[in-house]
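In: just to be clear, the model below is a prediction. Sequence and coordinates:
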Amino acid sequence: MSDKQKTLKQEFTLKGKGLHTGKEVVMTIKPAPVNTGFVFVRVDLEGQPTIEADATYVTSTERGTVLEKKGVKIHTCEHVLAALTGMDLDNAYIEMDRSEPPIMDGSSKYFVEAIEKVGIIEQDSNREYFTIKEIISYTDPETGSEITAIPSDHFEVATMVDFGTKVLGTQNATMKSIEDFKTDFANARTFSFLHELENLLDSGLIKGGDINNAIVYVDKELSSETLDKLKAVFNQPKVSVRPNGILDNVTLYYPNEAARHKLLDVIGDLSLVGVRLKAKIIATKPGHHCNTQFAKKLNKLYKLFKRKNIPEIDLHKDPVYDIKDIMRMLPHRPPFLLVDKIMEVDDKHIIGVKNVTINEPFFVGHFPNEPVMPGVLQIEAMAQTGGIFVLENVDDPQNYSTYLIKLDNVKHKKKVIPGDTLIFKIDLLEPIRRGIVHMQGYGYCNGHMVVEAEMMAQVVKTKEDKE
């Protein structure tokens, strides 16, 4: 699967009724530039206000996920967002002339089909990912719903539903890859229990429903009064219960369609994290409240992660440069060579690694009873990483040296001790001119920034090539 961002090739329009409002809505989904994300646009309101698909804007989950920003609302957004995410899109504008997208058949099927029809294009920017590196979970104490993210190298979801009713029982569904969404989950329809449906109908809160856009599980005796009410609401001459316990005129696509729809909802709600996840999501008795609370938690963690600017690298993969390559570029030698490998490098940045062991000679005296890596050597290791960044584009790096000439805004935030792995990220602040290099360096350890400094260095030719 491509790591480039994606959007629609062209816009498309769908029309229908909102499930809860019952009002006709015209929804047009349009291509959007890189790093836009999914943005709802209320074209019916003055100024066409926008609401980003962001967990911080979730204000209600009573009958679907509701977003609100500056008094402007979007109701029941989860099925549209699930379709966009499930079709591997990153950026789109969702224009609506009402507050609620059309319910269609109660699934993501029609949105997916429309996306397929207009096509998808790659954009000239890489995706960002939030890679889950430790178990994160959220539990709703009132309902017992629980959702957990565990480390995985790709996004997968498993759901288990159990409402304590015989008619539905316990169901499970698993999506191993987002590529399976279109074929195995997009057409799973929303469902309700008869007692819930009656309450919603009596309260006038489900005006856009009909017998074809929701599965109704009959969990109570169907009285003649209830039958008459359902026939009137659904405009059907006859309503009855199938042997599998659901109202007629709807045939299940899957025995576990309820669990599949809950999985669809999880995908839609977790799109509100605002970034692609690399994690396995396990949702037990999921609901919109639990899903969106978890999305808010992940959203906060990701924003904290972004503020820390911690580079995501796999320390187990082969380095760009190993220690032998580094020694061909730098004049430093043990015990003063303080970079072990280079994991990433391009024309604007470099990422290097230093494994700190108890065998480092400076620990003999710094300090015998509490070994701590000297801050000045952390800066030196960061500067050596920057030196490799400069010299890796020189044909004969062995004939050049990089000298540190200025430091600014140096900060040490945490101790570095034996057993730690230091990750250095050096960014070029401005183009190299006349051998002067201006860089910003950061050092990370155990998920925290431990050192940072603005560095200026000069590249000097030390000897001539020998023919």
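Out: Received the coordinates, thanks. Numbering: from 1, shown residues only.
In: where's the closest residue to residue 172 other than its chain neighbours, which helix or strand?
Out: Once flanking residues are discounted, residue 172 sits nearest to residue 160: 5.0 Å by Cβ to Cβ, 6 or more residues apart in numbering. All C-beta spots, glycine's among them, are computed from the backbone N, C-alpha and C. Here residue 160 sits within strand 156-162, counting by DSSP states H and E.
In: can you name the next helix or strand after the least confident helix or strand in the chain by mean pLDDT?
Out: Least confident helix or strand of the chain, by mean pLDDT, DSSP states H and E, is helix 194-202 with a mean of 65. Next along the chain after helix 194-202, taking DSSP H and E as the criterion, comes strand 215-217.
In: in terms of secondary structure, what does that following strand contact?
Out: If contacts are counted by 3 or more Cβ pairs under 8 Å, 6 or more residues apart in numbering; DSSP states H and E, strand 215-217 sits against strand 191-193, helix 194-202, helix 257-270.
In: for that strand, what is the distance to the chain centroid?
Out: How far strand 215-217 lies from its chain's middle: 32 Å, per Cα atoms, centre = their mean, to the nearest Å.
In: try stretch 430-449
Out: Here the centre of stretch 430-449 is set off from its chain's centre by 27 Å, with Cα atoms, centre = their mean.
In: got the end-to-end distance for it?
Out: Stretch 430-449 has its terminal residues 23 Å apart, counting by Cα to Cα, to the nearest Å.
In: dump the residue contacts of residue 151.
Out: 131-135, 279-280 (Cβ atoms under 8 Å, 6 or more residues apart in numbering).
In: neighbour-wise, which one of those leads?
Out: residue 279 (25 neighbours; other Cβ atoms under 10 Å).
In: and the gap between it and residue 392?
Out: 34 Å (Cβ to Cβ, to the nearest Å).
In: repeat for residue 451
Out: Note on residue 451: its distance to residue 392, by Cβ to Cβ, is 22 Å.
In: all helices for the stretch 51-200 of the chain, in order.
Out: In the stretch 51-200 of the chain, the segments counted as helices under DSSP state H, counting those that start in this stretch are 78-86, 109-118, 181-184, 194-202.
In: with the stretch 201-350 of the chain instead?
Out: Taking DSSP H, counting those that start in this stretch as the test, the helices found in the stretch 201-350 of the chain are 224-234, 257-270, 288-308, 323-329.
In: winner for burial among these?
Out: helix 257-270 (a mean of 27; mean count of other Cβ atoms under 10 Å).
In: helices and strands around that helix, which ones?
Out: Contact here means 3+ Cβ pairs under 8 Å, 6+ apart; on that basis helix 257-270 packs against helix 78-86, strand 156-162, strand 170-175, helix 181-184, strand 191-193, strand 215-217, strand 276-284, helix 288-308.
In: quick one: contacts of the first one?
Out: For helix 78-86, contacts defined as Cβ under 8 Å, 6+ apart pick out 27, 29, 38, 53, 64-65, 92, 94, 101, 103-104, 106-108, 111-112, 115, 178, 181-182, 185-186, 190, 264-265, 267-269, 271-272, 288.
In: got a PyMOL select line for the buried ones in those residues?
Out: Entered in PyMOL, the line below selects the buried ones among the contacts of helix 78-86, by 16 or more other Cβ atoms under 10 Å:
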select buried, resi 27+29+38+53+64+65+92+94+101+103+104+106+107+108+111+112+115+178+181+182+185+186+190+264+265+267+268+269+271+272+288
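In: domain assignment for the chain?
Out: 4-189+256-308, 323-461 (automatic domain parsing).
In: so which of those domains is the most packed in?
Out: Mean neighbours per residue, mean count of other Cβ under 10 Å, is largest over those for domain 4-189+256-308, with a mean of 19.
In: quick one: mean pLDDT for that domain?
Out: In this model, domain 4-189+256-308 has an average pLDDT of 95.
In: distance between that domain and the chain's centre?
Out: Relative to the centre of its chain, domain 4-189+256-308 is centred 11 Å away, using Cα atoms, centre = their mean.
In: strands of the stretch 351-467 of the chain, start to end?
Out: Secondary structure of the stretch 351-467 of the chain by DSSP state E, counting those that start in this stretch: the strands cover 400-412, 421-433, 436-445, 448-461.
In: with respect to residue 73, which of these lies nearest?
Out: Minimum separation from residue 73 across the strands of the stretch 351-467 of the chain (Cβ to Cβ) falls at strand 448-461, 38.7 Å.
In: direction included, what does the closest one pair up with?
Out: When pairing is defined by DSSP bridges, strand 448-461 lines up against strand 400-412 (antiparallel), strand 436-445 (antiparallel).
In: what's the last one in contact with?
Out: Read it as strand 436-445. By Cβ under 8 Å, 6+ apart, the list of residues contacting strand 436-445 reads 308-311, 378-379, 381-383, 385-386, 389-390, 402, 414, 416, 420-430, 449-459.
In: what angle do that strand and strand 421-433 make?
Out: 170 degrees (axes from the mean of the first three to the mean of the last three Cα atoms, to 10 degrees).
In: same check, this time on the first one
Out: What separates the directions of strand 400-412 and strand 421-433 is an angle of 120 degrees, with the same axes, to 10 degrees.
In: the strand holding residue 160 pairs with which strands, parallel or anti?
Out: strand 170-175 (antiparallel), strand 276-284 (parallel).
In: if we can go back for a sec, any chance of the domains of the chain in JSON lines, plus distance to residue 250?
Out: Listed next are the domains of the chain as JSON lines, based on distance: least, Cβ to Cβ, whole Å:
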{"stretch": "domain 4-189+256-308", "distance to residue 250": "8"}
{"stretch": "domain 323-461", "distance to residue 250": "49"}
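In: ok, residue 111 touching residue 105?
Out: No. Under the criterion of Cβ atoms under 8 Å, residue 111 is not in contact with residue 105, lying 10.5 Å apart.
In: tell me the contacts of residue 326?
Out: 337, 339-342, 388 are the contacts of residue 326 under Cβ under 8 Å, 6+ apart.
In: give me the distance between it and residue 72.
Out: Relative to residue 72, residue 326 is positioned 55 Å away (Cβ to Cβ).
In: and if you look at residue 304?
Out: On the measure of Cβ to Cβ, residue 304 and residue 72 end up 28 Å apart.
In: cool, and residue 184?
Out: 35 Å.
In: over to residue 140?
Out: Shown here: residue 140 relative to residue 72, a distance of 27 Å by Cβ to Cβ.
In: same question for residue 58.
Out: Distance of residue 58 to residue 72, given as Cβ to Cβ: 14 Å.
In: again with residue 54
Out: According to Cβ to Cβ, residue 54 stands 14 Å off from residue 72.
In: again, but for residue 190
Out: 24 Å.
In: kindly report the same for residue 281.
Out: Distance of residue 281 to residue 72, computed by Cβ to Cβ: 29 Å.
In: how about residue 50?
Out: Residue 50 is 8 Å from residue 72, by Cβ to Cβ.
In: give the intersection of the neighbour lists for those two.
Out: Listed as contacting both residue 50 and residue 72 by Cβ under 8 Å, 6+ apart are residue 42.
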